[in-house]
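Trainee: Predicted model follows, preceded by the sequence.
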Amino acid sequence: MNLQDNVDISNLIRKHISKGSPKQALLLYEAIRRKGVFFPGWIPLLLKACASVPNFVLGKQLHSESIKFGIHSDVMVRTSLIKMYSQSGCIVSARNVFDETPERNVATWNAMIGGYMWNGDALSATRLFGEIMGSGNEVTWIEMMKGYGKRKETEKARDLFERMPLEMKSVKAWAVMLGGYVRNREMEAARMFFEDIPEKNSFVWSLMISGYFRVGDVDEASGVFNRVKVRDLVIWNSLITGYAKNGYSDCAIDAFGKMQGEGFEPDAVTVSSVLSSCAQSGRLDVGREVHSLVNRMGIELHEFVSNALIDMYAKCGDLENASSVFESLSLRSVACWNSMISCLAFHGKGREALEMFQTMDTKPDEITFLAALTACVHGGFLLEGLKIFLEMKTKDVKPNVKHFGCLVHLLGLSGKLKEAYGLVREMPVKPNDTVLGALLGACKVHMDTEMAEQVMKIIETAGSVTKGDSENHLVLISNLYAHAEIWQTAETLRVEMEKRGLEKSTGLSSLVLT
């Protein structure tokens, strides 16, 4: 590769990072590296991407590469290494790099201070802050404030803000303090602080809108949006994304139309949120229009855009287009694989879902395994389900209650009630109502009243089961006794249900797999 090629790749990596897609940057690098191509000038950028993900393994490899190519003493490389190690939780390694840096600049100090705060070591951060305070800059103060905010110590952050030299109190400093309040859901304190901000840019307006949406206060979020005299894409995205995340899909789609009416062109964030709203409301027509817009405008299919497209088509029942989007991707993240496997499982194509699971070219995560187990449940594939569950251990993925719920459901459907019951008793996490409901539902299917009684004993003592779910299970077991024509017990339960104000209804498993 010539110098221009190296520059082009550097720009592409930088572009991915600046657009909030560090995983894409790393996937690009790994694809190029497999071809035997490497340029040392990429290292600082790649370390930045590793810090954002974070990816400690690749970061450590890049550290070795920097030593190999003789650029590990460069202050930019060392600063990037400190950030990478810090955000990967390896604060000791970060401090070693810091101590071995012969000539530190302010950025190096800031990286180490920020690293300590990121890892919850406020004492060490404060010591370093005290050493450099006289020669530090705005970022030094901001790193401390951000750290206190992350630790939910907003009072300390505010105290630091008040002590901050006046000439350093830029819009960014005000925004960081406001962000601390918003992140910790202290919206009343955020509102009062916000009103005092002398110069409100689009970012602080967006923070307030997002903050109210974060706590579910849609009216206040909309009210703040309506106060903005000069709107930009960031502010519109805050509104549309907020509506989508709070389940106001029609409002999100309407806002998207108004935004376009005011002459704003959507970006990847906009279309991802609108596609999510289309998936929620089943608006395939709008989803297709958004997809056409993505193609027409040349919006890059980032991980979250491609994932949103697959998810939208899948939930709207358009498997053909979901598969088409998936097949068109040159780089597929685990999220895209998860969406496609879940899509096939949800639509009853269990065998195809499992085949896709077996052909994955990236490491599966807990969502992948849940999707694969769901496919097994829908298809009744007991042996495959057991194999996949055991595979989680070899892939170093810890099963949670949902994975156990799928396995219990699968064993129950297959008539393996004793095995399912044994699993519930031995599972390392507390069985919740979905797990117990699945087992109780299987008892009804197989008319096993003795096992149902054992399950009800667990339900009565399980602290993780809500009163409402316990009562639903009571209805289900009453139906079971009635179907088994054990009338005396059924009548006793019916009387108990009447005392609780319950109505007898058809019992079904409460397990929600997707």
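Mentor: The structure has been received and is ready for your questions.

Trainee: burial of Asp250, as a residue count?
Mentor: Close neighbours of Asp250, defined as other Cβ atoms under 10 Å, add up to 13. (Glycine included, C-beta is placed from N, CA and C.)

Trainee: gap between it and Ile240?
Mentor: Remark: distance between Asp250 and Ile240 (Cβ to Cβ, to the nearest Å) = 12 Å.

Trainee: Give the residues shared as contacts by these two.
Mentor: The contact sets of Asp250 and Ile240 overlap at Ser277 (Cβ atoms under 8 Å, 6 or more residues apart in numbering).

Trainee: Do a quick rundown of the strands in this protein.
Mentor: Per DSSP state E, the chain carries no strands over any range.

Trainee: Which residue would you name as the spatial centre of it?
Mentor: Nearest to the mean C-alpha position of the chain, by Cα atoms, centre = their mean, lies Ala335 at 9.8 Å.

Trainee: Would you mind measuring from the closest residue to it other than its chain neighbours to Lys169?
Mentor: Leaving aside its chain neighbours, Ala335 sits nearest to Asn307 (4.7 Å; criterion: Cβ to Cβ, 6 or more residues apart in numbering). The gap separating Asn307 from Lys169 is 39 Å, by Cβ to Cβ.

Trainee: So those two - more neighbours on which side?
Mentor: More crowded of Asn307 and Lys169, by other Cβ under 10 Å: Asn307, with 26 against 16.

Trainee: shouldn't the more buried one be in contact with Ser339?
Mentor: Yes: Asn307 sits in contact with Ser339 when judged by Cβ atoms under 8 Å, with a separation of 5.3 Å.

Trainee: quick one: buried residues of stretch 423-433?
Mentor: 423-424, 427, 431-433 (16 or more other Cβ atoms under 10 Å).

Trainee: Okay, now the unreliable bits of the protein?
Mentor: 1-6, 449, 459-514 (pLDDT under 70).

Trainee: again, 50 this time
Mentor: The chain contains residues with pLDDT under 50 at 463-470, 473, 480-490, 493, 496-497, 502-514.

Trainee: and Gln24, what is it in contact with?
Mentor: 16, 302-303, 331.

Trainee: and the residues you listed, which of them are in helices?
Mentor: Cross-referencing the contacts of Gln24 against helices under DSSP state H gives 16, 303.

Trainee: Among the contacts of Gln24, which one lies nearest to Leu233?
Mentor: Closest approach between those and Leu233, by Cβ to Cβ: His302, at 15.9 Å.

Trainee: That closest one: how many residues sit nearby?
Mentor: By other Cβ under 10 Å, neighbour count at His302 equals 21.

Trainee: Contact partners for it?
Mentor: His302 makes contact with 19, 21, 24, 268, according to Cβ under 8 Å, 6+ apart.

Trainee: Could you pick out the buried ones from these?
Mentor: Buried members of the contacts of His302, counted by 16+ other Cβ under 10 Å: 21, 24, 268.

Trainee: Adding distance to Gly287, write those residues out as CSV.
Mentor: Putting the buried ones among the contacts of His302 into CSV (distance: Cβ to Cβ, whole Å) gives the following:
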residue, distance to Gly287
Ser21, 22
Gln24, 23
Ala268, 15
